[in-house]
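**Q** The following block contains a protein sequence and its predicted model.
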Amino acid sequence: MKVVSSEKLPIKMWLENIEEGALEQAKNLANLPFAFKWVSIMPDSHQGYGMPIGGVLATKDVIIPNAVGVDIGCGMCAVKTSLTEIDILTLKKIMGEIRKQIPVGFNRHKEKQDESLMPVRDILMGEIIEQEYNNALNQIGTLGGGNHFIEIQKGSDGFIWIMIHSGSRNFGLKIAKHYNELAIKLNELWYADSGIPKEWELAFLPLESAEGKAYIREMNYAVEFALANRKLMMENIKNIFTEITKCSFDEIINIAHNYARLENHFGQNVMVHRKGATLATTDTIGIIPGSQGTKSYIVRGKGNPESFNSCSHGAGRKMGRKQAEQTLNLEEEVKKLDDQHILHAIRGVKDLDEASGAYKDVKEVMENQKDLVDILVELSPLGVIKG
């Protein structure tokens, strides 16, 4: 762990090198008047909006929409199957059926899904949930785009695994945008002397304000929806596996990132924001994915108080999407995957934004957080479906 002590609060970083933009954002967090103890930066960290991806921030009495992010509740789930082998023809058949049944990218189900699959709405749920609810009935059980994926993997435990990375679809984006804009207006109106420059993009809502309570309600619903979304996709994938292989399955493992919740740390109740970071208490089984073509990991948290019981949520980007498209070599990236006999999703230059070359070395990321998690199972990709 590396500590930066130049700001109001320390910045504790689980990486040697951090891009300049992400470090500046971490320094902004460390100078917030309501920040608690220190700022924790995970080994997959890179620049985001307002707060670095891979950042953990505890605050007193306020919540910051941009410290949660736009894909609220985005996360991972994984299931171990009873299979110990899967041949290439069976794998292709399974992946073909997954593509037929699970919409990806901007696509959604043509028919509304059963409403019982949705999280229950509170009577005071909030305007964005009400506004987007009917659309979400077509979106539940869909992958989305960006870095979201479905992956079939072989574990170091000898078994075949299924892994999904997905989020809250339109809920997260709309909630984040609405409440960040609301926080900006209220900060200008009531908290102009807070000492927080607007260009930091860290507008906040007091926890006891009507607006703060509304954001928390809607944020929590988006977290629940993101889990329901992953569960439905996983059930559909399990049905495909059952029809083709007759296998059985262990219980689902789920871990979310991009959320905030009230926790007790060092004897105080604080709002812990995990933006591209996951919970890693001593009783938490988590998932840390690599990139397309690299290993992923099932882990157990160590409950390290220095990170507010957190760890990385993945490998982390080392270059932006446009940069990846402009600088990575398509043939080289495809060859890396073909040489490993991985059924992958790179077809052209536009797919290079999700090539393994666009991401940090996940082995180095795992090495840097040995004091945060223990590795239980290493998972090697066999087939990848990207959003």
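**A** Thanks, I have it.

**Q** which secondary structure elements does the strand or helix carrying residue 22 contact?
**A** Element membership for residue 22 (DSSP states H and E) is helix 20-30. When contacts are defined as 3 or more Cβ pairs under 8 Å, 6 or more residues apart in numbering; DSSP states H and E, helix 20-30 sits against strand 2-4, strand 11-13, strand 35-46, strand 53-59. C-beta: built from backbone N, CA, C; applies to glycine.

**Q** So for that helix, mean pLDDT?
**A** Here helix 20-30 scores 97 as its mean pLDDT.

**Q** That helix vs strand 53-59, what angle?
**A** 10 degrees (axes from the mean of the first three to the mean of the last three Cα atoms, to 10 degrees).

**Q** neighbouring contacts of helix 20-30?
**A** Applying Cβ atoms under 8 Å, 6 or more residues apart in numbering, the contact partners of helix 20-30 are 4, 6-11, 13, 18, 35, 38-39, 41, 45-48, 50-55, 57, 67, 200, 202.

**Q** Also stretch 146-154?
**A** 71, 74, 86, 91, 94-95, 98, 102, 104, 143, 160-167, 233, 237, 289, 292, 296, 314, 345, 354, 379-387.

**Q** Now do it: distance to the chain's middle.
**A** 13 Å (Cα atoms, centre = their mean, to the nearest Å).

**Q** Start the count at 199 instead of 1 going forward.
**A** From this message on, residue numbering opens at 199, which makes the last subject stretch 344-352.

**Q** what ranges do the helices span in the stretch 399-548 of the chain?
**A** Assigned by DSSP state H, counting those that start in this stretch, the helices in the stretch 399-548 of the chain fall at 408-443, 519-525, 528-537.

**Q** Please apply the same query to the stretch 249-398 of the chain.
**A** Under DSSP H, counting those that start in this stretch, the stretch 249-398 of the chain gives helices at 286-299, 325-337, 367-388.

**Q** So which of those helices is the most surrounded?
**A** Of all these, helix 367-388 carries the top mean neighbour count, a mean of 19, counting by mean count of other Cβ atoms under 10 Å.

**Q** Next, the angle from that helix to helix 408-443.
**A** 170 degrees.

**Q** And helix 367-388, what does it pack against?
**A** helix 325-337, strand 403-404, helix 408-443.

**Q** shouldn't residue 262 be in contact with residue 399?
**A** No. Assessed by Cβ atoms under 8 Å, residue 262 is found out of contact with residue 399, at 9.4 Å.

**Q** hey, what's in contact with both of those two?
**A** Shared contacts of residue 262 and residue 399, counting by Cβ under 8 Å, 6+ apart, come down to residue 248.

**Q** Between those two, which has more neighbouring residues?
**A** Set residue 262 next to residue 399 and count neighbours by other Cβ atoms under 10 Å: residue 262 wins out with 28 against 19.

**Q** which residues touch that one?
**A** Per Cβ under 8 Å, 6+ apart, neighbours of residue 262: 248, 249, 255, 381, 400, 401, 402, 403, 458, 471.

**Q** Please repeat the previous calculation with a cut-off of 10 Å.
**A** By Cβ atoms under 10 Å, 6 or more residues apart in numbering, the contact set of residue 262 is 227, 230, 232-233, 248-249, 255, 377-378, 381, 394, 399-403, 413, 458, 469, 471, 473.

**Q** And residue 210, by the same measure?
**A** Neighbours of residue 210 in contact, by Cβ under 10 Å, 6+ apart: 199-202, 224, 228, 235-239, 254, 504-506.

**Q** ok, of these, which come out buried?
**A** 199, 202, 224, 228, 235, 236, 237, 238, 239, 254, 505, 506 (16 or more other Cβ atoms under 10 Å).

**Q** Can you read off the pLDDT for residue 307?
**A** 96.

**Q** What's the separation between it and residue 301?
**A** From residue 307 across to residue 301, the span is 6 Å (Cβ to Cβ, to the nearest Å).

**Q** hang on, the earlier thing: chain center to the helix holding residue 220: distance?
**A** The answer for helix 218-228 is 20 Å, by Cα atoms, centre = their mean.

**Q** What residues of that helix count as buried?
**A** 220, 221, 223, 224, 225, 226, 227, 228.

**Q** With distance to residue 480 as new columns, can those be given to me in JSON lines?
**A** Below are those laid out as JSON lines (distance: Cβ to Cβ, whole Å):
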{"residue": "220", "distance to residue 480": "28"}
{"residue": "221", "distance to residue 480": "30"}
{"residue": "223", "distance to residue 480": "30"}
{"residue": "224", "distance to residue 480": "26"}
{"residue": "225", "distance to residue 480": "31"}
{"residue": "226", "distance to residue 480": "31"}
{"residue": "227", "distance to residue 480": "26"}
{"residue": "228", "distance to residue 480": "27"}
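
**Q** what residues are up against the residue of the chain most remote from its centre?
**A** Most distant from the centre of the chain: residue 391, at 33.7 Å, with distances by Cα atoms, centre = their mean. By Cβ under 10 Å, 6+ apart, residue 391 lies in contact with nothing.

**Q** Let me know the pLDDT of it.
**A** At residue 391, pLDDT is 84.

**Q** about what we covered before: just the contacts of residue 210 now: which is nearest residue 565?
**A** residue 199 (12.6 Å; Cβ to Cβ).

**Q** where's the closest one relative to residue 249, distance?
**A** From residue 199 to residue 249 the distance is 19 Å (Cβ to Cβ).

**Q** Kindly report the same for residue 328.
**A** From residue 328 to residue 249 the distance is 28 Å (Cβ to Cβ).
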